[in-house]
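got a predicted model here, sequence first, then my questions.
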Amino acid sequence: MLRSIPAEPRRILVVRLGSLGDVARVLPMLAGLRARFPSAEIDWVVQKRAVDLLAGHPQLDRVFVVPFRRWRDVVSIEAWRLARGMRAREYDLILDFQGSMKGTVAALLASRRSVRVGWSPLHAEEGTFLLFHGHRTPPGRRVNRHLRFRCLVDWLDVPDVPGEPPTYGDDDVRPVDGFVARSPDLPRPWILIYPWTSTAGSHRRWDLDRMRRATRELAERTGGTALVGWGPAEEAAARAFADSVEGSVLAPRTTIRGLCYLLERCDLYVGVNTGPMHLAALVGAPVVAVFGARSDPGIHAPIGWRGAVEVIATPEARELRAWERRGLEPFDWPDPGTVVEAAHRLLAEAAARDDLP
């Protein structure tokens, strides 16, 4: 039998399994839920690739990790253990931000009796709306993900507030503090450059020669240092990039939370539409976000809660379907000077704010 939602729910489950950027963009909804229901226990179910952002988060009571990558393993012993752990929590409300079958499967594993709220028929994938008890309709298809995610909680009178950065542990802090200690003479400003995306996101990459030119011009114009960020599969490419551009250095190896910690110590982020862009916005670094014609900034542009955001995008930008973007080469627009000018403006604005009494 389906339970009704109490006015003050005891336990709430957030379902957002990945990607890293989307998990970061749901954190403001978590902050709003925590402000609206301070006595509730709030849990999150997530895939392993994004769990580092949530582990130990001060606004979460528990984090459940999906222990398998293929959803056909939903009949495995690991899935049974996950389901048993979540069902023991007896959630009053499950909020499915995922909007696809794998998110709905996770919600069903958590409970068949809890009230599940997700997207309406035109906005849910794979017929998942049939398995929700309540439906929410975003204000359009080409709408920023922040507004889409807000739609899932605004009926609860949840305030619109910034997301909270993660809690940092020794393993997150130590590599960054060690890098800072070894580099006392690196001139400011520090500009984190992030040229990379996943293999599936190759359509969101900016032409590397243009990114290299922009990095060189930024270092020359500001007199600062470009820190070239990288993920586990990108170290060799990032090292080659840093070696080829005067005024740039390789950023230290970090965890996901360690990257947030590093971004808090940087003066600017310049990069393409990928997870670290949303981490930079989350922690308050000014962001220059470079979009080509194959990814829609109307949907994916970060929200500048604590730091300014400048989006560089062509008016023809549109969101590609999965089959359209397979194997696409990096985009060769815009001119590097456009990005340099935007970065210089944000740095000047930040310096002016710092000069205010």
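Ah, there it is.

low-confidence stretches in the stretch 201-350 of the chain?
Applying pLDDT under 70 to the predicted model, the residue ranges of the stretch 201-350 of the chain that meet it are 323.

just the helices in it please.
For the stretch 201-350 of the chain, applying DSSP state H, counting those that start in this stretch gives helices covering 208-222, 235-244, 256-264, 275-283, 297-300, 322-325, 336-355.

buried ones in the first one?
Using 16 or more other Cβ atoms under 10 Å as the test for burial, helix 208-222 gives 210-219, 222. For every residue, glycine as well, the C-beta is placed using N, CA and C.

which strands or helices does it pack on?
Counting contacts by 3 or more Cβ pairs under 8 Å, 6 or more residues apart in numbering; DSSP states H and E, the secondary-structure elements packed against helix 208-222 are strand 190-194, strand 225-228, helix 235-244, strand 248-250, strand 268-272, helix 336-355.

turn those into JSON lines, including mean neighbour count and distance to Glu125.
What follows is the helices and strands packed on helix 208-222, written out as JSON lines (neighbours: other Cβ atoms under 10 Å; distance: least, Cβ to Cβ, whole Å):
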{"stretch": "strand 190-194", "mean neighbour count": "25", "distance to Glu125": "29"}
{"stretch": "strand 225-228", "mean neighbour count": "24", "distance to Glu125": "36"}
{"stretch": "helix 235-244", "mean neighbour count": "15", "distance to Glu125": "33"}
{"stretch": "strand 248-250", "mean neighbour count": "19", "distance to Glu125": "39"}
{"stretch": "strand 268-272", "mean neighbour count": "26", "distance to Glu125": "25"}
{"stretch": "helix 336-355", "mean neighbour count": "16", "distance to Glu125": "34"}
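
those into CSV, with extra columns for distance to Ala289?
Output for those, formatted as CSV (distance: least, Cβ to Cβ, whole Å):
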stretch, distance to Ala289
strand 190-194, 10
strand 225-228, 17
helix 235-244, 19
strand 248-250, 20
strand 268-272, 7
helix 336-355, 9
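
my guess is Gly32 contacts Gly163, does it?
No. Judged on Cβ atoms under 8 Å, Gly32 makes no contact with Gly163 at a distance of 9.1 Å.

pop the domain breakdown of this structure in here.
Taking automatic domain parsing as the criterion, the chain consists of the domains 11-156, 172-355.

looking at the ones you listed, which is nearest to Ser4?
Taking Cβ to Cβ, domain 11-156 is the member of those nearest to Ser4, at 7.4 Å.

sorry, back to before: Arg325: which of the helices and strands packed on helix 208-222 is closest?
Among those, if distance is taken as Cβ to Cβ, the winner is strand 268-272, at 13.6 Å.

okay, the angle between that closest one and helix 256-264?
Strand 268-272 and helix 256-264 are oriented at 120 degrees to each other (axes from the mean of the first three to the mean of the last three Cα atoms, to 10 degrees).

run me through the strand neighbours of strand 268-272, direction for each.
According to DSSP bridges, strand 268-272 forms sheet pairs with strand 190-194 (parallel), strand 287-290 (parallel).

nearest to Val46, of the helices of the stretch 201-350 of the chain?
Sorting the helices of the stretch 201-350 of the chain by Cβ to Cβ, the top spot, which is the nearest, belongs to helix 256-264 at 11.8 Å.

which other residues reach the closest one?
For helix 256-264, the external contacting residues (Cβ atoms under 8 Å, 6 or more residues apart in numbering) are 20, 50, 52-53, 55, 165-169, 171-173, 175-176, 179, 192, 227, 229, 251-252, 254, 269, 276, 279-280, 282-285.

any of these buried? List them.
20, 50, 52-53, 55, 165-166, 168, 172-173, 175-176, 179, 192, 227, 229, 251-252, 254, 269, 276, 279-280, 282-285.

looking at the helices and strands packed on helix 208-222, which is closest to Asp96?
Closest to Asp96 of the helices and strands packed on helix 208-222 is strand 268-272 (Cβ to Cβ; 28.4 Å).

now do the closest one: distance to the chain's middle.
Chain-centre distance of strand 268-272: 14 Å, with Cα atoms, centre = their mean, to the nearest Å.

how about stretch 282-293?
Its chain's C-alpha centre and that of stretch 282-293 lie 11 Å apart, by Cα atoms, centre = their mean.

end to end, how far does it reach?
Start and end residues of stretch 282-293 are separated by 25 Å (Cα to Cα, to the nearest Å).
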